[in-house]
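Trainee: only geometry, no sequence info:
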């Protein structure tokens, strides 16, 4: 970068991610992008364990992406910073943090399976972060590929507004090329590597359909732009430039979702996808400026993508390897230079920037600086972790942190020897630094270490890494579900904490109205499990004491009254209180807040909540009856069934997580190895009384 800094043109930078359901072809697509942009000279295949971005041993063995990998490449004189994200739901945090710092996304769909559950999840995450995206319908060469059905599913399941820029020329074994509706030409490939692109007039057999589709495309683009709508209604000429400009504006605003098609494995359509990335997805200049808060005044601060503004950067990923700790960083404003000192306002520490590297998966090149809008990795940060802001010391700002889901599964892990214990402590700490959804907890009663994660595969991979990378020999217990507690009715608790025995004592009174959180309040709480408001009028207690009471209530949420599980989904309104001129202090109000919450839970008809998972099973039609029966025996509720390709059915169900352990083996046995399933967390539901009794007695 330093060599090119004089010519660095921010309008020619694209920060994009490739997001999709597991096995839709994200890594295969990324590998072709690297090949066609000249970053690799040989295409590595996922099934051979040779993909560039799947560089961890666990990824190559399993043939899946586990950690998001960042690569930088160039196409048509544009710099493309590309992140290949995992598709497996257990690694959804990788997608979450990548979307937080990306300007645009490429959503890949399997043309046979259509829109799958994890496709819905990543689409929803992209909506949350307002990430513009284009869609690539992949695997058009597979038997059962159906472009139209996939586009219809985007509308039904994702509430998307797809604009088809392509239509396939054949499908399955007959897939021969792509009809480009923008330029009205047929594109075919003269070699297996996809480098000999040939352009032809559209054959008569497909011309009528292509003209109809082009008209539909133009109408959708025109509808998204007021000026073009006016031109269209006035029957004025609409030029190709008008269409491209409106399409780009509609894509960046999120009104339109351009759809392309191809087959990454057969090297068809990837160059057209790269052209669309350059033509349609935003540069850092096209997105709104980033906002944050001043750490001392809490006033809103704004940073534009400009080298001349004060530095503001967000660390979105940590990797620990044999060379040290790498902090992947997105620079939003200013210039990040090696050898300088920056301020971390969240930790109130100063960090010295040692080396800065540009990454291509696990290969790194040293650079001197990173400019506004760019992404790179820093080596040597001591106190800075995922979600932390780095900024100019004399102009501080805290950017919005990244929110991650809470773990839903835990296992106990015991080191086999004293030497293993020391290594395990170090290894767990480093893995937890990398992965915000991986939690380590020591049970003081049992003297037992518990690790918590997003699913069986998530913990399996982390334990595997602990043993290989850190040389730990340990025994792992069976998985346990992370239950929660909540209340089901409202209760007003009025608590007095008094300790007066001569001299200065302690006194606090707080009255709090507790109720289950409504859906609207959950949105307002932005993922917070305690929605606490100070509704005291008249100043019966000071704001400092009100904050202390809230702090006490929050700490008490960590352990419920039924079985000691964390408490969730509570609305708390502080409505009254009293203080003593001499004996009141923050500690007294903190204790009173904690006692008040315990009282509110105890009298609020508390219940045990269990995690319910969205499960989708795809298997040959012959096994549908057995699968539905088995899901019902697991307390599952079947929500829908639909055809998936020829002779295959997809079954969607909601099933408690506790019933899904070992399901992979059971499904293999039921379907002679021909069925597969995906599972992701949906919500917490009230556990039936018999299950709750087992949880309370410690049987689960």
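Mentor: All right, it came through fine. On a predicted model such as this, the values are computed, not experimentally measured, just so you know.
Trainee: got the phi/psi numbers for residue 449?
Mentor: phi -90, psi 130 (degrees, to the nearest 10).
Trainee: who touches it in this structure?
Mentor: Neighbouring residues of residue 449 by C-beta atoms under 8 Å, 6 or more residues apart in numbering: 412-414, 424, 428, 440-443. No exception for glycine: its C-beta is placed from N, CA and C like everyone else's.
Trainee: Only the buried residues of the longest helix along the chain, if you could.
Mentor: Secondary structure of the chain per DSSP state H: the longest helix is helix 204-223. Residues of helix 204-223 classed as buried: 206, 210, 213-214, 217-218, 220-223 (neighbour count, 16 or more other C-beta atoms under 10 Å).
Trainee: pLDDT and distance to residue 508 added to those residues, as a markdown table?
Mentor: Shown next, in a markdown table, are those (pLDDT from 0 to 100; distance: C-beta to C-beta, whole Å):
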| residue | pLDDT | distance to residue 508 |
| --- | --- | --- |
| 206 | 95 | 78 |
| 210 | 97 | 75 |
| 213 | 96 | 70 |
| 214 | 95 | 72 |
| 217 | 96 | 66 |
| 218 | 93 | 68 |
| 220 | 94 | 62 |
| 221 | 95 | 63 |
| 222 | 93 | 65 |
| 223 | 93 | 60 |
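Trainee: the helices in the stretch 451-600 of the chain, which residues?
Mentor: Using DSSP state H, counting those that start in this stretch, the helices of the stretch 451-600 of the chain run over residues 456-469, 519-525, 543-556, 586-602.
Trainee: Heading C-terminal from the longest one, find the next helix or strand.
Mentor: In this case it means helix 586-602. strand 606-620 (DSSP states H and E).
Trainee: circling back to that earlier point, please pick the buried ones from the contacts of residue 449.
Mentor: For these, a burial check counting by 16+ other C-beta under 10 Å picks out 412-413, 424, 428.
Trainee: who's in contact with the closest residue in space to residue 330 that isn't next to it in sequence?
Mentor: Of all residues not flanking residue 330 in the chain, residue 101 sits nearest, at 3.8 Å (C-beta to C-beta, 6 or more residues apart in numbering). Applying C-beta under 8 Å, 6+ apart to residue 101 gives the contacts 15, 314, 316, 330, 375.
Trainee: And residue 273, by the same measure?
Mentor: With C-beta under 8 Å, 6+ apart, residue 273 has these contacts: 29, 33, 106, 134, 136, 260, 262.
Trainee: Same question for whichever strand or helix holds it: list its buried residues.
Mentor: According to DSSP H and E, residue 273 maps onto helix 270-280. Residues 270-274, 276-277, 279-280 are the ones in helix 270-280 that count as buried (16+ other C-beta under 10 Å).
Trainee: pLDDT score for the residue nearest to residue 330?
Mentor: pLDDT recorded at residue 101 is 87.
Trainee: Adding distance to residue 620, write the contacts of residue 101 out as a markdown table.
Mentor: Below are those laid out as a markdown table (distance: C-beta to C-beta, whole Å):
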| residue | distance to residue 620 |
| --- | --- |
| 15 | 42 |
| 314 | 46 |
| 316 | 41 |
| 330 | 45 |
| 375 | 44 |
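Trainee: The residues you listed: which two are farthest apart?
Mentor: Maximum pairwise distance among the contacts of residue 101 (C-beta to C-beta): 12.1 Å, between 15 and 314.
Trainee: Tell me the residues that contact both of these two, please.
Mentor: Joint contacts of residue 15 and residue 314 (C-beta under 8 Å, 6+ apart) are 101, 330.
Trainee: What is the least confident helix or strand in this protein?
Mentor: helix 57-62 (a mean of 46; mean pLDDT, DSSP states H and E).
Trainee: where exactly do the helices run in the stretch 151-300 of the chain?
Mentor: Listed in chain order, the helices of the stretch 151-300 of the chain (DSSP H, counting those that start in this stretch) span residues 204-223, 226-233, 240-253, 270-280.
Trainee: got those as a markdown table, with distance to residue 420 columns?
Mentor: Listed next are these as a markdown table, based on distance: least, C-beta to C-beta, whole Å:
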| stretch | distance to residue 420 |
| --- | --- |
| helix 204-223 | 61 |
| helix 226-233 | 67 |
| helix 240-253 | 52 |
| helix 270-280 | 46 |
